[in-house]
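K.L.:
When you get a sec, could you give me coordinates for this:
(one chain, ligands or ions: 2)
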Amino acid sequence: MRFVSVAVPVPFLDVLTYHVPDSLPLPPRGSRVVVPLGKRIITGIVVDPNAVVNVDETALDTIKPIAEVLDDEPFLPGPVVDLALWVAEYYACGAGDALAAAVPSTQAHKTIRLATLTAQGHDWQGPALRGRQKEAVEILRGAPDGLRVPELNARGISTDVLQRLAERGLLAFRHERIERDPFATGAVTTPVNSSIGRTLTGEQARALASLGAAAATGRFAVFLLQGVTGSGKTEVYLRLSALVQQQGKSVLVLVPEIALTPAVASAFREAFGDRVAVQHSGLSDGERSDQWYRIRRGEISVVVGTRSAVFAPLTHLGLIIVDEEHDTSFKQEETPRYHGRDVAVVRGKHEQALVVLGSATPSLESSQNAATGKYTRIVMEKRVQDRPLASVSVVDMRLEYAEYGPDVILSGRLKNAITHRLDAGQQSLILLNRRGLATAVFCRQCGGTIECPNCSVSLIVHSEGRERHRARCHYCNYGVLVPKACPACKGPYLERRGFGTEKVAAEIVAIWPAARVARLDRDTVRRKGAAADILRSMAAGAIDVLVGTQMIAKGHDFPCVTLVGVISADVGLGLADFRAAERTFQLLTQVAGRAGRGTELGEAIVQTLYPNHYSIRHACRQDHAAFFADELGFRRAMRYPPLTALVNLVVKGSDARAAMTDATTLAHHLRDSADAGRFKVLGPAPAPMAKLRGEYRAQIFLKGGNRAGMREAVLAALAAEPDLRRRVSIDIDPVSIL
Ligand code: ADP
Ligand code: ZN
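P.N.:
Numbers count the residues shown, from 1 in each chain. Ligands and ions are numbered 1, 2, ... in the order given. Below you'll find the predicted structure:
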C-alpha cells in the first residue's frame, strides 16, 4: 500500500496520512490532492509522498484513501513546501495554516473570446459577402492574431454577424486567458526618474561591489545595508538585481505596504519591465492568482511584494531584498504569526541566496546581528549629491502649554515655519500618529470617559461626512452618536479631549485659509487608490500641507518638501510596549528624512513633552549608533529581545475571570517545565488591552535563551489541556505585545 502525508488548511491540525488507491497516480510532493476529512472533502498539499506508517495490519484499514490527485507536477515548488513547514514548526502553527499562506486563493481565471479568420476566410474573394459580414472580414484581415469580440462589437460588428461567418467556416473563435497587470489597472503608478546613465555615488559603488561579489559566490549570506534616508538604496537594489538576473537567477523583493510606498515597486518595473510581478494586498484575488501562475510558470524573474510574497514560487532564487526591514508590517498579526523578514533570511539559507536587509533605521534585532558578525553591515551615511540631512530642532511643549494654555496644537516655532513655506511655495508634512478629531469624550461631573463596550479603550470622535458627531472604536469599529449627556451619571457637561490628525488639519485650515491642505491616514485612504491619489497630488505640487499618521513617514521621495513638523513625538512612548522607544526613534528619523530631498535645505521641528528622552535626542541627530547603544542597554537590563527570546501567549475568554483561570492553568504546566527548559514564565496578567473585540484577554510571557525549549513547553502544556487550544494564541518573537 502507498501512503502520503497531506497538510490540510484546518487550524491546529497536524499533517494527516492517507493511502493512495491503485487507480490513482502517486502524487508528487507539493501537489494538491482532494481528501476526505470527517464529513467534508477538502483540498490539501502533499508534504511527503512516501509516508511510512507504523501501525499494525488491522489498523491500516482505517487509513482513508485520497479522492483525487489534482496535479501531476508539484503545484508548490519543493523549497516553498520546506519553507512553509519551517514556518509551521518555528511559529508553532499547523502545517496547513502555514501552507495556506503560500497558496494563492483559488479563483478561476478570466478568459476573453477572440475572433480570427480561418485560412478560408483569409482567401475569400467571392462577392457573396455583403454589408457587415464583408466589413468584418476586412477588419480581421488586418489583425492576424484576431480581435476581441467586444472590440468588434464596439466597431459595429454584432456577435450575430460573427456567428454567421463562423458557420460558413470563414471565422473561428478562440478563448484566451487574460492576465491582469496591476500597473495597467493603476494600482501602482508613481513614476520614478529613470536611472539609466546615472553615475553611482562612491558609497553606492562600494556597496554594489561588496554585494555583487557576495552574489557571485552563489552562497547564503546576509547583509545589512544601513543607508541614511536619501542615500540611494533603491539604486543599489536595482543594479544588484540586474547582476543576479544576468547570472540566470531570480530576485525576490519584500517591501512594506506597497499602496503607500509605490516608488520601489515602480522602479523595479521600470528597470525590468514585464519580467517583474508585483504582489500586494491592494490586488484582487484574481489579479494575485494570475501573477502567481506567471511566477510559477517561470515567466517572472523579479517579484516585488509585501510579506506573503516571501512564499512566492520563484525558482533559482539568487537574491532576496527586504526594504525598510525594520517595518512592523512584515510581522503577520494572525495565524501563521510569521515575520516576513525572518522567514526571508531562512529562505535565503535554504536556497543559498544572498539576503540584503535595507533600512535607515535597522531594527534592534538586525543591528545586533550585524554587531555580532552574523550579518555583514554596509553603511551609506551620505545622501546622494551630498544633500545635507534635514536640521532637526525640538520644541518643549511643557513650556508652550505653560505660556499659552493646554489647547495648543501648533507651537509658535512650527507656525512660523509653515508660514515661511507657504510664502516660498514649498511643501510641508505634518505628522501626528493618531487619527480623528478628539481622542476622548470626558464627563466633567463624574470624570468618566466614553469607552468601547467591546474593547478597553475610549472612543474617538470623528467629524466628516457620515461620521459626523460619531464616536468610534479604532480597534473593533464600534460606533455611537456622541451623547448629549454622560451615559453614566447623566451629567450634561461632556468635553472633548485630545486630538488627532483630523483636528490638526482643521486647525491648519483655520489659520491659513488659502493653503491647500490634505490628510493621509486610514480614514482618508479607505477607498482603493485613494492613497495613490493623495501621493500623486503631493508629487504634482497640488498640496501645500499634508497632515498624516505614520503613513507619511514611509519612504516617499517628495523633492519639494522642505519642512516636516511632528505634532506630538511622544504618542508611542506611553505604551506598555518594550519596543516603544525603538518605534519612536524610527518614526522620527524616517519622517525627518522626508525633508530636503530636493535642492532646497530641509528642516524638521519636533514637538514633545519629553525633550530629554534618548529616543528623541538621538532621532534629532539621526544618530542610529548612539540610539542602538542606549536601547541595547535597556533591553539587556530588562532581559528583552534581541538579548533574549520572547514568547507571548494570549488566553481569551468570555469574561475576565475565565481568561485568568485558564491562563493560570496553562502557567502551572509551563512552570513545571521551565527549569528544565531554562526559561522564565511571567504572569498570567490581564493583557494591556484587557478586552478586545468583546473578548477578555490574559497574557503569559516566556523569556529565555532557548526558543525551542519554550516552544516545546507551550505545545506540551496545550497537549495537556486540549480544551484550551482554541482559546490561546501563540506568538513567537512577538512584535506587538498589547
Ligand atoms: P533611500 O531609499 O536610500 O532613502 P532613494 O533610493 O529614494 O534613497 O534615493 C533618493 C533620491 O536620490 C531618489 O530621488 C533617487 O532617484 C536619487 N538617486 C539615487 N541614486 C542616485 C545617483 N547615483 N545619482 C543621482 N540621483 C540618485
Ligand atoms: Zn472596540
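K.L.:
I'd like to know which residues of the stretch 351-500 of the chain are adjacent to ligand 2.
P.N.:
Within reach of ligand 2 by CB under 5 Å from the ion, the stretch 351-500 of the chain has these residues: Cys452, Asn454, Cys455, Cys473, Tyr475, Cys476, Tyr478. Backbone N, C-alpha and C define where each C-beta goes, glycine included.
K.L.:
quick one: which of those is nearest to Asp655?
P.N.:
Of all those, the one sitting nearest Asp655 is Asn454; the distance, using CB to CB, is 13.3 Å.
K.L.:
remind me which residues of the stretch 351-500 of the chain are low pLDDT?
P.N.:
Within the stretch 351-500 of the chain, the segments meeting pLDDT under 70 span 464-467.
K.L.:
Could you pull out the strands in it for me?
P.N.:
The residue ranges that make up the strands of the stretch 351-500 of the chain, judged by DSSP state E, counting those that start in this stretch, are 354-359, 376-380, 391-396, 427-431, 440-443, 460-462, 470-472, 479-481, 494-497.
K.L.:
wait, which of those strands is closest to Glu68?
P.N.:
Distance to Glu68, taken as CB to CB, is lowest for strand 354-359 among these, at 38.5 Å.
K.L.:
That closest one close to ligand 1?
P.N.:
No. Judged by CB under 6 Å from any ligand atom, strand 354-359 stays clear of ligand 1, getting no closer than 7.5 Å.
K.L.:
Could you dump the strands of the stretch 351-500 of the chain into CSV and include mean neighbour count and distance to Ala51?
P.N.:
Formatted as CSV, the strands of the stretch 351-500 of the chain follow (neighbours: other CB atoms under 10 Å; distance: least, CB to CB, whole Å):
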stretch, mean neighbour count, distance to Ala51
strand 354-359, 27, 33
strand 376-380, 19, 41
strand 391-396, 17, 60
strand 427-431, 27, 55
strand 440-443, 20, 58
strand 460-462, 24, 53
strand 470-472, 21, 51
strand 479-481, 13, 52
strand 494-497, 14, 62
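K.L.:
Columns distance to Arg155 on top of these, output as CSV?
P.N.:
Output for the strands of the stretch 351-500 of the chain, formatted as CSV (distance: least, CB to CB, whole Å):
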stretch, distance to Arg155
strand 354-359, 50
strand 376-380, 55
strand 391-396, 61
strand 427-431, 46
strand 440-443, 61
strand 460-462, 49
strand 470-472, 51
strand 479-481, 51
strand 494-497, 60
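K.L.:
buried ones in stretch 287-297?
P.N.:
Of the residues in stretch 287-297, those with enough neighbours to count as buried (16 or more other CB atoms under 10 Å) are Glu287, Arg288, Ser289, Asp290, Gln291, Trp292, Tyr293, Arg294, Ile295, Arg296.
K.L.:
Spatially, and excluding backbone neighbours, which residue is closest to the residue in the stretch 251-400 of the chain that ligand 1 sits nearest to.
P.N.:
Nearest residue of the stretch 251-400 of the chain to ligand 1, counting by CB to the nearest ligand atom: Val384, 4.0 Å away. Taking CB to CB, 6 or more residues apart in numbering, and ignoring the residues beside it in sequence, Val384 has Gly232 as its nearest neighbour in space, at 4.5 Å.
K.L.:
OK, contacts around that neighbour?
P.N.:
The neighbourhood of Gly232, defined by CB atoms under 8 Å, 6 or more residues apart in numbering, consists of Leu200, Thr201, Glu203, Gln204, Met380, Arg383, Val384.
K.L.:
And it, how close does it get to Leu200?
P.N.:
Distance of Gly232 to Leu200, computed by CB to CB, to the nearest Å: 8 Å.
K.L.:
by contact count, what packs against the helix or strand where Ile320 lies?
P.N.:
Element membership of Ile320, judged by DSSP states H and E, is strand 317-323. In terms of contact count using 3 or more CB pairs under 8 Å, 6 or more residues apart in numbering; DSSP states H and E, strand 317-323 is assigned the packing partners helix 233-246, strand 250-254, helix 340-350, strand 354-359.
K.L.:
how far is the third one from where the chain is centred?
P.N.:
The offset between the C-alpha centroid of helix 340-350 and the centroid of the whole chain comes to 16 Å, using CA atoms, centre = their mean, to the nearest Å.
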